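S.K.: Generate coordinates for the sequence data below:
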Amino acid sequence: MSDADFSNWMGNLPERLTKVPLGHLAIPGSHNSFTSALDSSHGVAVDQSETIQKLGASCCGAITKIIQRWSANQSMAMFEQLTAGIRYFDLRVCKKPDTEQFHFLHGLYGDNVQSALSTIRSFFEDNPKEVAILDMNHFHNMEPSDHDRLLGEIEDTVGDLLVPVNGYQYKLWSLTLANIWDHPGRIILIYHNPFNAATFPKIWNKNVIQSPWPNTSSTNSLIDFLERNYTEKTRPPGYSFHVWQGCLTPGTGTIAMRLCGSLKSVLARPATNAFVNWVRDKAPGEYRINICIVDFVEMADFIPVVIGINGENSRPFREQMTEDIFAKEFQ
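M.R.: Model prediction:
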């Protein structure tokens, strides 16, 4: 990865880009963000089938070690990702069985949610002009009361840093860095399970984001999927966040043929290389590039390339129509 310091890249953007809706900036993100600390000693997680959970409990750790190699999508911990420039986080959450604690998960159990949020808080104390998007989009082993309790814990831990919906929901074009900086909030929390908006007015619902899934283990199919969506402008017009997924999904056969391999070596490395090569000459803006996610964000100069296409001296930025980004801001 580049030696450049991206811990404050949003704060260092040219002034006119701070007035662009966040949905029209190129933002680097991570897929299955907090999976660097998956713990094989705690058994198979509840997002797996009962059969896999039973196998994991009866095979002396062999199954959990395979799951760990194929479920870990990131090497960098949360604070490291924030410091490196990642500003979008793809999160899967559960209530850990036989406890009242919430954890991130993917095949195995990862960090405690409340502890992770405390770590995020410390980053914003040192980088007050940065903004992060936390996208909680999968939930496991959770009843409605658990969702209320989790949202309450989030409010208690980082409530003052949450960007409220009120003030933006009818003027989503005003959700810009410049406007956010006028208020205390620095975290946009998107929650994909129904909740009481009156009780949790600082939580954003799933309607503000789209994330088309390529669902392939083929690099060529991945790039074809992305290119078709980009050239045909399948991204819905208007304001919303839009995720471009530069990730390959292993099928059962892929894993079975490579039990001693890993997601990183077999799929993530070629996928990230291909995605970075594809995105480097694309432009941010309406219909165009917004949030970009990959596995193992430290690879292939992913972070500097995505941030770089926002630059006013970059070819993508020069070639796109200026009114595409700015017109609706001034309506």
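
S.K.: got the buried residues for stretch 238-257?
M.R.: For stretch 238-257, burial by neighbour count (16 or more other Cβ atoms under 10 Å) applies to 239, 241-248, 250, 254-255. Just so you know, the C-beta spots here come from the backbone N, C-alpha and C atoms, and that holds for glycine as well.

S.K.: and which of those is nearest Ile309?
M.R.: Nearest to Ile309 among those, counting by Cβ to Cβ, is Trp244 at 11.6 Å.

S.K.: Now that that closest one has come up, it's in contact with Ile293, right?
M.R.: Yes: counting by Cβ atoms under 8 Å, Ile293 is a contact partner of Trp244 at 7.3 Å.

S.K.: how would you label the spatially most central residue of the chain: helix, strand or coil?
M.R.: For the chain, the residue nearest the mean C-alpha position is Phe89 (2.8 Å; Cα atoms, centre = their mean). For Phe89, the assignment made with DSSP: H, G, I helix; E, B strand; the rest coil gives strand.

S.K.: could we number from 10 for the rest of this?
M.R.: Sure, I'll start counting at 10 from here, so that last one is Phe98.

S.K.: so who does it touch?
M.R.: Going by Cβ atoms under 8 Å, 6 or more residues apart in numbering, Phe98 touches 38-39, 42-43, 87, 90, 141-144.

S.K.: Show me where the stretch 160-309 of the chain has its helices.
M.R.: For the stretch 160-309 of the chain, helices defined by DSSP state H, counting those that start in this stretch occupy the ranges 186-189, 228-240, 261-265, 272, 278-288.

S.K.: phi, psi of the closest residue in space to Asn238 that isn't next to it in sequence?
M.R.: Spatial nearest neighbour of Asn238, chain neighbours left out: Pro221 (6.3 Å); criterion: Cβ to Cβ, 6 or more residues apart in numbering. Per-residue torsions, Pro221: phi -60, psi 130 (degrees, to the nearest 10).

S.K.: Look up how far Ile302 lies from Pro221.
M.R.: Distance of Pro221 to Ile302, given as Cβ to Cβ, to the nearest Å: 12 Å.

S.K.: what about these two, which has more around it?
M.R.: A direct count of neighbours by other Cβ atoms under 10 Å for Pro221 and Ile302 places Ile302 higher, at 27 against 14.

S.K.: For the stretch 60-209 of the chain, which segments count as strands?
M.R.: With strands called from DSSP state E, counting those that start in this stretch, the stretch 60-209 of the chain shows them at 97-104, 111-115, 117-121, 141-149, 196-200.

S.K.: Tell me which of those lies nearest to Trp18.
M.R.: Among the strands of the stretch 60-209 of the chain, strand 141-149 sits nearest to Trp18 (Cβ to Cβ), with 12.2 Å.

S.K.: Adjacent strands (with direction) for that closest one?
M.R.: Strand 141-149 has the following strand partners under DSSP bridges: strand 97-104 (parallel), strand 196-200 (parallel).

S.K.: Could I have the CA atoms of it written out in PDB?
M.R.: The C-alpha trace of strand 141-149 is given here as PDB (Å, rounded to 0.1, in the frame of the first residue of the first chain):
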ATOM      1  CA  ALA A 141     -17.600   7.000   8.700                       C
ATOM      2  CA  ILE A 142     -20.500   5.000   7.400                       C
ATOM      3  CA  LEU A 143     -21.400   1.900   9.500                       C
ATOM      4  CA  ASP A 144     -23.700  -0.400   7.600                       C
ATOM      5  CA  MET A 145     -25.200  -3.100   9.800                       C
ATOM      6  CA  ASN A 146     -26.900  -5.300   7.200                       C
ATOM      7  CA  HIS A 147     -27.000  -8.800   8.600                       C
ATOM      8  CA  PHE A 148     -28.300 -10.000  12.000                       C
ATOM      9  CA  HIS A 149     -28.300 -13.400  13.600                       C
END
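
S.K.: what is the orientation angle of it with strand 111-115?
M.R.: Angle, strand 141-149 to strand 111-115, by axes from the mean of the first three to the mean of the last three Cα atoms, to 10 degrees: 80 degrees.

S.K.: distance between strand 141-149 and the chain's centre?
M.R.: On the basis of Cα atoms, centre = their mean, to the nearest Å, strand 141-149 sits 8 Å off its chain's mean C-alpha point.

S.K.: just checking, Gly38 touches Val252?
M.R.: Yes: between Gly38 and Val252 there is a contact under Cβ under 8 Å: 7.1 Å.

S.K.: quick one: common contacting residues for these two?
M.R.: 97, 99, 300-302.

S.K.: Filter the residues you listed down to the buried ones and express that as a ChimeraX selection.
M.R.: Per 16+ other Cβ under 10 Å, the buried members of the shared contacts of Gly38 and Val252 correspond to this ChimeraX selection:
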select :97,99,300,301,302
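
S.K.: The shared contacts of Gly38 and Val252 into TSV, with extra columns for pLDDT?
M.R.: TSV is the format used below for the shared contacts of Gly38 and Val252 (pLDDT from 0 to 100):
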residue	pLDDT
Tyr97	98
Asp99	98
Ile300	98
Cys301	98
Ile302	98
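
S.K.: Spit out the contact partners of the residue nearest to Gly255 when sequence neighbours are not counted.
M.R.: Sequence neighbours aside, Phe284 is the residue nearest to Gly255 in space, at 2.9 Å (criterion: Cβ to Cβ, 6+ apart). Phe284 sits next to 231-232, 235, 255, 301, 303, 309, 311 when contact means Cβ under 8 Å, 6+ apart.
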